[in-house]
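Engineer: Sequence isn't available, so here's the structure alone:
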Ligand SMILES: O=C(O)CCCCN(CCc1ccccc1OCc1ccc(-c2ccc(Oc3ccccc3)cc2)cc1)Cc1ccc(C(=O)O)cc1
C-alpha cells in the first residue's frame, strides 16, 4: 500500500488523538518505520497491523477506524496531495465514481507499483447508482465507505450507502447501493 495511505492514518491519529497515541499504536503494531514516504510502497500487512493496533489502543472497532480514516484520507490527505488529480476525476459524485479507474490508471502510469482496486458503476439513475468494488485486499470496505462519505462532503451531497452484496455472501466482489442528493444551497 502506498505510503500516502499509512501517512494519512498517521496524520488522522496525530491530529485527533496526539503523537503519543500514534507512537503507542506503532509500537503495538511492531512498526519501526520512522516516517512514511507518501510515494513509497509498503507491504499491505503494515497497514492492517496499524489499524488492528489502533483498534486496541483506542478501544474502537477496526471498522469504525477504517471508515473514519477513509473519510479523513479523502478530505485531507488525497485532496491536499492530489487536488488537481481529483478535480479532473469529476465535478460531482457520480461522475467522479465513473472516472475512478481512470484516476487510478493515470497514477499507475507514473507509479507502476500501484495496485488499485477496480470500481464499476451500474444502474445509474438521477440520484442513485450501484458501485461494484473489486479488490485483492480483504476487509477494506469500511475504508471505501468512509472515502465515499468524504466524497459526498466534498461535493456538498447527502450520501446513503448500503452494502447489497459481498464476498462474505459468495459474491466475487462488493456491491454498494449509493443514493446521492445535492444539498440545497439555500436553507428555506
Ligand atoms: O485497495 C483497496 O481495496 C482499497 C484501497 C484504497 C483505494 N484507493 C481509494 C479509492 C477511492 C475510493 C473512493 C473515493 C476516492 C478514491 O480514491 C481517490 C484517489 C485514488 C488514488 C489516489 C492516489 C494518488 C497518488 C498515489 O501515489 C502517489 C503518492 C505520492 C506521490 C505520488 C503518487 C496513490 C493513490 C488519490 C486519490 C486509493 C488507493 C490507495 C492505495 C493504492 C495502492 O497502494 O496500490 C491504490 C489505491
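Structural biologist: Looks like it arrived, so ask away. Predicted model, so just to flag it, every value in this text is computed and none were measured.

Engineer: Which residues of this protein lie near the ligand?
Structural biologist: Contact residues, the chain versus the ligand (Cβ under 6 Å from any ligand atom): 1-2, 4-5, 38-39, 74, 78, 82, 86, 100, 103-104, 107, 111, 114-117, 135, 137, 140, 144, 147-148, 151. C-beta coordinates here come from the backbone N, C-alpha and C atoms, glycine included.

Engineer: Let's see that with 5 Å instead.
Structural biologist: Residues of the chain lying near the ligand by Cβ under 5 Å from any ligand atom: 1-2, 4, 38-39, 78, 82, 107, 114-117, 135, 137, 140, 147.

Engineer: now those residues: which count as buried?
Structural biologist: The neighbour count (16 or more other Cβ atoms under 10 Å) marks 1-2, 4, 78, 82, 107, 117, 135, 140, 147 as buried among the residues of the chain next to the ligand.

Engineer: which of those lies closest to residue 67?
Structural biologist: residue 147 (9.0 Å; Cβ to Cβ).

Engineer: Spell out the secondary structure type for the closest one.
Structural biologist: helix (DSSP: H, G, I helix; E, B strand; the rest coil).

Engineer: Can you give me the pLDDT of it?
Structural biologist: On pLDDT, residue 147 comes in at 98.

Engineer: can you check residue 83 too?
Structural biologist: 86.

Engineer: Any chance you could list what contacts the helix or strand hosting it?
Structural biologist: Residue 83 is part of helix 79-89, with elements assigned from DSSP states H and E. Outside helix 79-89, the residues within contact range by Cβ atoms under 8 Å, 6 or more residues apart in numbering are 4, 38, 78, 95-96, 99-100, 102-103, 106-107, 154.

Engineer: Among these, name the ones in helices.
Structural biologist: Members of those lying in helices (criterion: DSSP state H): 4, 95-96, 100, 102-103, 106-107, 154.

Engineer: Pull the contacting residues for the residue lying closest to residue 176 once chain neighbours are set aside.
Structural biologist: In space, and not counting its chain neighbours, residue 176 is closest to residue 131: 4.5 Å by Cβ to Cβ, 6 or more residues apart in numbering. Going by Cβ under 8 Å, 6+ apart, residue 131 touches 97, 119-121, 148, 175-176, 178.

Engineer: Closest one of those residues to the ligand?
Structural biologist: Among the contacts of residue 131, residue 148 lies closest to the ligand (Cβ to the nearest ligand atom), at 5.5 Å.

Engineer: ok, the closest one touching residue 177?
Structural biologist: No - judged on Cβ atoms under 8 Å, residue 148 makes no contact with residue 177 at a distance of 11.4 Å.
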